[in-house]
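A.B. asks: Structure, please.
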Amino acid sequence: LKLVPRPRLVSVEVDATLPAYAQQAGVAGFLNGEGLGLDAGERVIGASSPVLAGSDVRVTLRFNKPLTRWIDAAALAEEQLGDAGLGANLERIDDGSAWRLSLQPQTQVLLTVEPRDEHGLTPSSPSVVRLEVVQDEPPAVAITDPARDEAVVRSAIINVAGEGRDDIALGDLWLSAVRAAADTASVGAQPAAVGEETELARAAAEGLDSRQVSAQLSIESLEAEPGEEVWVWALATDVYQADGQARAPARSAKRVLRVIEVTELEEQIRGELSAVRRAAMRLEGQQRALSERLSENDATQREAAQQEALTRRIDAQQGALDRLSQRIERNRLDGPLAGLVDDAAGIAQEASEASDDARRSLAEAADEQAGEQTNSEAVDEAMEEATQAQDEVRAALSDLVAALDRGEDAWVARRGVERLLEEQRSIAEDTARL
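C.D. replies: Sure thing, here's the model as predicted:
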């Protein structure tokens, strides 16, 4: 009778070497180095850090006694490792008391360690060595400004910005633009790029995992005409290499700038101003109703909250006017329309400030009335201030409506004259051809 111990895993060591490109970029956060000892006493043995896909990994398994044969590399790769074990090599070292698995994993490694000795004995329970493997993904890249597609005129100078992010490290980030036009000889043809893309700006990421780049784009410089488009992208590379070859740049979704006539842009802006005018009329009515209720009842936090809600709605219209002002500036429009939008934005700001003053006074009056000892004089003063501020809100909103009305009347008259001149030029051209 011969008593022999069962084979048992006593230690696990992992050596990992990052791919050359990752070493050069100084990538951190992954297994990288020699002699990383793992706790062999656990049922599932894992490392605290993941493995970067493509790293050279060596897993050394030490047992309590020599094993003449465990399993060959081909069987190990086929039965357990799958894609993670491509190119795996398994070697017996130290007279069989240790076995070393070398591989370049692309997916998670799950290695079940259940050796069998020459007597057919196996461990009382198998161990599992697990290595999490993280793929180096392509960069994510986006155009951040303009935030959406928009219509522009030939004189426009557009601020363009892009952002790139990568899970490891970026290489370069740049902006590119091209003119696009439809084939006029083909009815219903979609716009297509004309000529080569123009690089607008480039930034080296220098190993960062995120980077921004910005530039100014002159529509006229690309010779884009009304009816055509300008397409803009952000592009980025990362530091990844496979067999010495970098991957193709990642490209954002394109931002489309549709080129239109100045008159069409003005009509669009006028349409949005009309929407602001209608909103201002509704807000003035809402403020009037709030003022009437206040004259009939004491101030409460409910009235203060309603006034605050009105302030937010006024702010929304001021925001719309600010965006219109920025659009006018981007398109280099001048004349009465630009002045009208700036004036309207200023009036809207006055209404917002007055509404906030009314909200603050209403809250003070409500707090004073809710106290154990009400100071009637303080309540009356706060109520008077609230009423005055509410009157200022109504006056400012009425001024806003009136300003937009005047601007609309002046524009209609000017557009009538322009159309008349266009008709006269057309008649003159027809007469000249006779």
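A.B. asks: Low-confidence stretches in the stretch 201-350 of the chain?
C.D. replies: 296-299 (pLDDT under 70).
A.B. asks: ok, which stretches of it are strands?
C.D. replies: In the stretch 201-350 of the chain, the strands defined using DSSP state E, counting those that start in this stretch lie at 210-218, 229-238, 241-242, 245-246, 250-251, 255-259.
A.B. asks: looking at those strands, which is buried most?
C.D. replies: strand 229-238 (a mean of 24; mean count of other CB atoms under 10 Å). In this view, the C-beta of every residue, glycine as well, is placed from N, C-alpha and C.
A.B. asks: With distance to Val12 as extra columns, can I get the strands of the stretch 201-350 of the chain in CSV?
C.D. replies: Formatted as CSV, these follow (distance: least, CB to CB, whole Å):
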stretch, distance to Val12
strand 210-218, 36
strand 229-238, 32
strand 241-242, 29
strand 245-246, 34
strand 250-251, 38
strand 255-259, 52
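A.B. asks: Now do the contacts for the closest residue to Val152 other than its chain neighbours.
C.D. replies: In space, and not counting its chain neighbours, Val152 is closest to Leu257: 5.1 Å by CB to CB, 6 or more residues apart in numbering. The neighbours of Leu257, taking CB atoms under 8 Å, 6 or more residues apart in numbering as the test, are Pro146, Asp149, Glu150, Ala151, Val152, Ala156, Ile158, Ile219, Glu229, Val230, Trp231, Val232.
A.B. asks: again, only using 7 Å
C.D. replies: Glu150, Val152, Ile158, Ile219, Glu229, Val230, Val232 (CB atoms under 7 Å, 6 or more residues apart in numbering).
A.B. asks: Kindly reformat those residues as JSON lines containing distance to Leu31.
C.D. replies: Formatted as JSON lines, those follow (distance: CB to CB, whole Å):
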{"residue": "Glu150", "distance to Leu31": "48"}
{"residue": "Val152", "distance to Leu31": "51"}
{"residue": "Ile158", "distance to Leu31": "46"}
{"residue": "Ile219", "distance to Leu31": "51"}
{"residue": "Glu229", "distance to Leu31": "49"}
{"residue": "Val230", "distance to Leu31": "47"}
{"residue": "Val232", "distance to Leu31": "41"}
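A.B. asks: of those, closest to Glu261?
C.D. replies: Closest approach between the contacts of Leu257 and Glu261, by CB to CB: Val152, at 11.0 Å.
A.B. asks: Could you give the number of residues near Ala25?
C.D. replies: Other residues near Ala25 come to 20 when the count uses other CB atoms under 10 Å.
A.B. asks: now Gly195
C.D. replies: 10.
A.B. asks: That one: which element?
C.D. replies: strand 192-204 (DSSP states H and E).
A.B. asks: Can you name the residues bridging to Ile157?
C.D. replies: Ser218 (DSSP bridges).
A.B. asks: Mind picking the two most distant members of the contacts of Leu257?
C.D. replies: Ile158 and Glu229 (12.8 Å).
A.B. asks: residues in contact with Glu228?
C.D. replies: Arg179, Ala180, Ala181, Pro191, Val259.
A.B. asks: any chance of the residues you listed in JSON lines, plus distance to Leu324?
C.D. replies: Below are the contacts of Glu228 laid out as JSON lines (distance: CB to CB, whole Å):
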{"residue": "Arg179", "distance to Leu324": "26"}
{"residue": "Ala180", "distance to Leu324": "26"}
{"residue": "Ala181", "distance to Leu324": "28"}
{"residue": "Pro191", "distance to Leu324": "27"}
{"residue": "Val259", "distance to Leu324": "19"}
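A.B. asks: Closest one to Ala242 out of these, please.
C.D. replies: Nearest to Ala242 among the contacts of Glu228, with distances taken as CB to CB, is Ala180, at 33.6 Å.
A.B. asks: what separates the closest one from Val14, distance-wise?
C.D. replies: 53 Å (CB to CB, to the nearest Å).
A.B. asks: Likewise for Thr387?
C.D. replies: 76 Å.
A.B. asks: Pick out whichever of the two has more residues nearby.
C.D. replies: Legend: neighbour count by other CB under 10 Å for Thr387 and Val14, higher for Val14 (23 against 17).
A.B. asks: Show me what the strand holding Gly195 is packed against.
C.D. replies: Contact here means 3 or more CB pairs under 7 Å, 6 or more residues apart in numbering; DSSP states H and E; on that basis strand 192-204 packs against strand 170-181, strand 210-218.
A.B. asks: mind redoing it with 8 Å?
C.D. replies: Counting contacts by 3 or more CB pairs under 8 Å, 6 or more residues apart in numbering; DSSP states H and E, strand 192-204 is packed against strand 170-181, strand 210-218, strand 229-238.
A.B. asks: can you list contacts of that strand?
C.D. replies: 160, 171-183, 211-215, 217, 222, 231-233.
A.B. asks: So what's the residue count around the closest residue to Val401 other than its chain neighbours?
C.D. replies: Nearest residue to Val401, sequence neighbours excluded (CB to CB, 6+ apart): Ala280, at 5.0 Å. When neighbours are defined as other CB under 10 Å, Ala280 has 25 of them.
A.B. asks: for the one 5 residues further on, same thing?
C.D. replies: By the measure other CB under 10 Å, the count of residues near Gly285 is 12.
A.B. asks: Quick check: it vs Val401, distance?
C.D. replies: 11 Å.
A.B. asks: cool, Ala344 as well?
C.D. replies: Following CB to CB, the distance that separates Ala344 from Val401 is 10 Å.
A.B. asks: Please identify which of the two sits among more neighbours.
C.D. replies: Ala344 (26 against 20).
A.B. asks: so who does that one touch?
C.D. replies: Leu273, Val276, Leu321, Leu400, Ala403, Leu404, Gly407.
A.B. asks: Could you rerun that using 10 Å?
C.D. replies: When contacts are counted by CB atoms under 10 Å, 6 or more residues apart in numbering, Ala344 touches 273, 276-277, 280, 317-318, 320-321, 324-325, 399-401, 403-404, 407.
A.B. asks: Nearest to Leu265, out of the residues you listed: which one, please.
C.D. replies: Using CB to CB, these come closest to Leu265 at Leu324, 10.8 Å.
A.B. asks: Against Ser376, how distant is the residue nearest to that closest one when sequence neighbours are not counted?
C.D. replies: Distances taken as CB to CB, 6+ apart put Val341 closest to Leu324, at 5.0 Å, once the chain neighbours are dropped. With distances taken as CB to CB, Val341 is found 46 Å from Ser376.
A.B. asks: got it, and Glu150?
C.D. replies: 56 Å.
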